[in-house]
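Engineer: Need the 3D shape of this:
(chains A and B)
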Protein chains: 2
Amino acid sequence: MELTSNTNILIVGLGVIGGGYASALTKQGFRVSCITKNPEDIAYAKERGMIRVGTTELDPNLIGAADLIIFAVYPQIFIDWVRTNQVLFKSGTLITDVTGVKGGVVAEVQSFLRPDVEFIAAHPMAGRERSGVEFSDDRVFKGANYIITPTEKNTPEAIAVCRRLGELLGFARISELSPAEHDETIAFLSQLTHCIAVVLMTCNNAPSLEKYTGDSFRDLTRIAKINDEMWSELFLWNRDALLGEMDRFSNEFARLRAMLETGDREGMREMMRASTERRALFDKPTV
Amino acid sequence: MELTSNTNILIVGLGVIGGGYASALTKQGFRVSCITKNPEDIAYAKERGMIRVGTTELDPNLIGAADLIIFAVYPQIFIDWVRTNQVLFKSGTLITDVTGVKGGVVAEVQSFLRPDVEFIAAHPMAGRERSGVEFSDDRVFKGANYIITPTEKNTPEAIAVCRRLGELLGFARISELSPAEHDETIAFLSQLTHCIAVVLMTCNNAPSLEKYTGDSFRDLTRIAKINDEMWSELFLWNRDALLGEMDRFSNEFARLRAMLETGDREGMREMMRASTERRALFDKPTV
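Structural biologist: Coordinates of the predicted model:
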C-alpha cells in the first residue's frame, strides 16, 4: 500500500496520542475514522473535525475498508484486539502502533497475524502528562523523534510507508531500532525518567514545599503526573531492561554521593562539565 | 530604610540573576548601579538601559551612596567582599543577597558585619541553566518563589523591605524560613534535582540517544547544563543536608525497584497515584 489521498486510515483508541494522530492526518487530507470505547470522545473529535466517522462498535465495514490501521491503545489491549478481530481486516492492510514497549508485543502480534496483513511497529517519542483526547495536540509531534522497530518479518515497502507516516505526522527525526534495542533505549530515556519523577514526588512529604520550589523541581516532576494503569503495564513489560537502567543510574548516583561525602570538588566539577557538554546533544532540533 | 524612588540600589555581581534584578528594578523606577568584574557586562547592561552606572572598581562614592546593596555572587566571594569592604558602606545601609545556601553564609556575615549595617538574606527560586548577564531575563521571576531567611539579628523593618523587594521583582510567593530550614528544603528541591540531572546525563554514554529521546528526558536534564564552579561550591556548603536528601531519594528509589522486581503492580500503581496527586500542588501559580 501507499499513502495517498484515497488511503483509509482507521485509528483504534482515541486518547491523547490517537487524537493527535487523527488531527494531524485529517489536516494532511486523509480520510480518518476511529474506533474507541467512549462515545463522548467520538463526539468531541467529530465536533472539531478531527475524524470523519467514529464508532464504539466493532464495525466490520469500517475495519474492512481500512488500508492502514493505527493502534493507539495499551499493549495488552492491542494484542488481544488483533488476535480477536483480525478476521475483519482487508487483505493487504498495514497495521502499526504507538506502543511504548516492543519486545514482547511485536514478536507476539507478528507470530499470530494473518500472512496477508503486515504489522510494522513504531513509537512516537512525544506524549503528554495527561491522558484523554481532550488533551491531544498534534503540535507535540513537531520536532520530536519517531522510532520504527522493523523485524525480519517486515517488507521494505511497509517500512517506507511507516517512515512516510512519521513525516506526515510532523516528526523531525525518524530512526530504526530493533525491538530489543528500542526497549533498552526507552528503559533509559523514558521509563527511568518516569521512575525518578515519581520517586522525587513521593519521597518527601514535608508540607508547603510548593511555596519554596523553583523550576528545576517542577521540570523534574512534570511527568510525576502519571497514568498509573499504563505506566505500571509498560514497566512490567520491560522489567529486566528497566531494572538494569535503574541500577546503572543508582551506581552513578552513588559515585556522585561519594565525591560529595569526601569533599572531592574537582571530581564533582569534572562530572558537571561532562554533563554540560553531553546535554548539548539533546537540545530539541529547531523546526 | 524604605524603598522609594530616591533609593540608591547597588548590585554587586552582574550575572544571570544580578542582571535580571537590575532590569526589574530599573523598570520599577529605582536608580540602579552595579559593580562587577567584567567591563563587557557593564557595557551590555548600559546599552540596554538595565543600569544607570557600573564599574569594575571598588568605587567608594558608589558604595557609600548605596541605600540597598544586593550581592549576586558566589557565597565565598560574598563573604570575603563584605569582610574586606564593609568600611565603605554608608551607615544604615541594608544589604541582601541571592545566595543558594544560607546556614554558614548568613551566620558568618552577620557575625562580623558592622553594627550600623544590616544583612537580611534572601533566595530567589528562579534561575537559568546558563550563566552570564546576556542570559538574564527578569521575566523568570514572575510567578516564582522568593525565600527570606531572617535571624534573631534582623529587624522587622529590614524583613519588610526585603519582602517589598521580592514583590517589586515580580515574585508571586514570598516566604520566610530559618537558614537551617532553608538549607534542608533547598537540598531537596534544588540541589538533589541538580544531582539527579547530572547523573542521568553522565551514567549512559550510548551513542545517538538524542535521536530517540522524548521530552521527559529533556525535561529531567535541562539543568544538566550546569555551572560547575557555582554548584560544586553550593553542594559543599550544604554537604550534610544534601547527603541526607540523596539518601532519602535512594531509599524510595530502592522501594520502587523492589516493587518492579517482584511484579507488585498494585504497589507501583499506588505510588504513581500518590505521585500524581501530590504533583498537582506544584503547578506554577498563574500570574
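
Engineer: Is A:I174 bridged to anything, and to what?
Structural biologist: In this structure, A:I174 bridges to A:Y146 when assessed by DSSP bridges.

Engineer: count of residues packed around it?
Structural biologist: 18 (other C-beta atoms under 10 Å in any protein chain shown). For glycine as for every other residue, the C-beta is placed from the backbone atoms N, C-alpha and C.

Engineer: Wait, a helix at A:R279?
Structural biologist: Yes - under DSSP: H, G, I helix; E, B strand; the rest coil, A:R279 sits within a helix.

Engineer: Leaving out sequence neighbours, find the closest residue to it.
Structural biologist: Distances taken as C-beta to C-beta, 6 or more residues apart in numbering or on different chains place B:A224 nearest to A:R279, at 4.3 Å, with adjacent residues excluded.

Engineer: and the gap between the one you found and B:R218?
Structural biologist: 10 Å (C-beta to C-beta, to the nearest Å).

Engineer: repeat for A:I9
Structural biologist: The value you get for A:I9 to B:R218, if C-beta to C-beta is used, is 29 Å.

Engineer: Looking only at neighbour counts, state which of B:A224 and B:R218 leads.
Structural biologist: Counted by other C-beta under 10 Å, B:A224 and B:R218 do not tie: B:A224 has more neighbours, with 25 against 18.

Engineer: Was I right to think that one contacts B:V198?
Structural biologist: Yes - the pair formed by B:A224 and B:V198 meets the contact definition of C-beta atoms under 8 Å, at 5.6 Å.

Engineer: so what's in contact with these two at the same time?
Structural biologist: A:S275 (C-beta atoms under 8 Å, 6 or more residues apart in numbering or on different chains).

Engineer: quick one, what contacts A:Q76?
Structural biologist: A:E233.

Engineer: for A:N205, same thing?
Structural biologist: Counted by C-beta under 8 Å, 6+ apart, A:N205 has contacts B:R278.

Engineer: rerun at 10 Å
Structural biologist: B:274, B:278 (C-beta atoms under 10 Å, 6 or more residues apart in numbering or on different chains).

Engineer: now it, what's its secondary structure?
Structural biologist: Criterion first, three-state DSSP; result for A:N205: coil.

Engineer: Got the phi and psi for it?
Structural biologist: Main-chain dihedrals, A:N205, degrees, to the nearest 10: phi -100, psi 20.

Engineer: Quick check, pLDDT for it.
Structural biologist: As predicted, A:N205 sits at a pLDDT of 94.

Engineer: Give me the below-cutoff pLDDT ranges for the stretch 51-200 of chain A.
Structural biologist: Counting by pLDDT under 70, the stretch 51-200 of chain A shows no low-confidence range.

Engineer: can you pull out the strands in it?
Structural biologist: Secondary structure of the stretch 51-200 of chain A (DSSP state E, counting those that start in this stretch): strands at A:53-55, A:68-71, A:94-97, A:118-119, A:122-125, A:145-148, A:173-176.

Engineer: Give the intersection of the neighbour lists for B:A224 and B:R218.
Structural biologist: A:279, A:282.

Engineer: thinking A:D67 is in contact with A:L10, fair?
Structural biologist: Yes - the pair formed by A:D67 and A:L10 meets the contact definition of C-beta atoms under 10 Å, at 8.6 Å.

Engineer: how near is the closest residue to A:N227 other than its chain neighbours to A:W231?
Structural biologist: In this structure, A:N227 finds its nearest non-sequential neighbour in A:S131, 4.9 Å apart by C-beta to C-beta, 6+ apart. Computed as C-beta to C-beta, the A:S131 to A:W231 distance reads 11 Å.

Engineer: quick one: which of those two has more around it?
Structural biologist: It is A:W231, of A:S131 and A:W231, that has more neighbours when counted by other C-beta under 10 Å, with 20 against 17.
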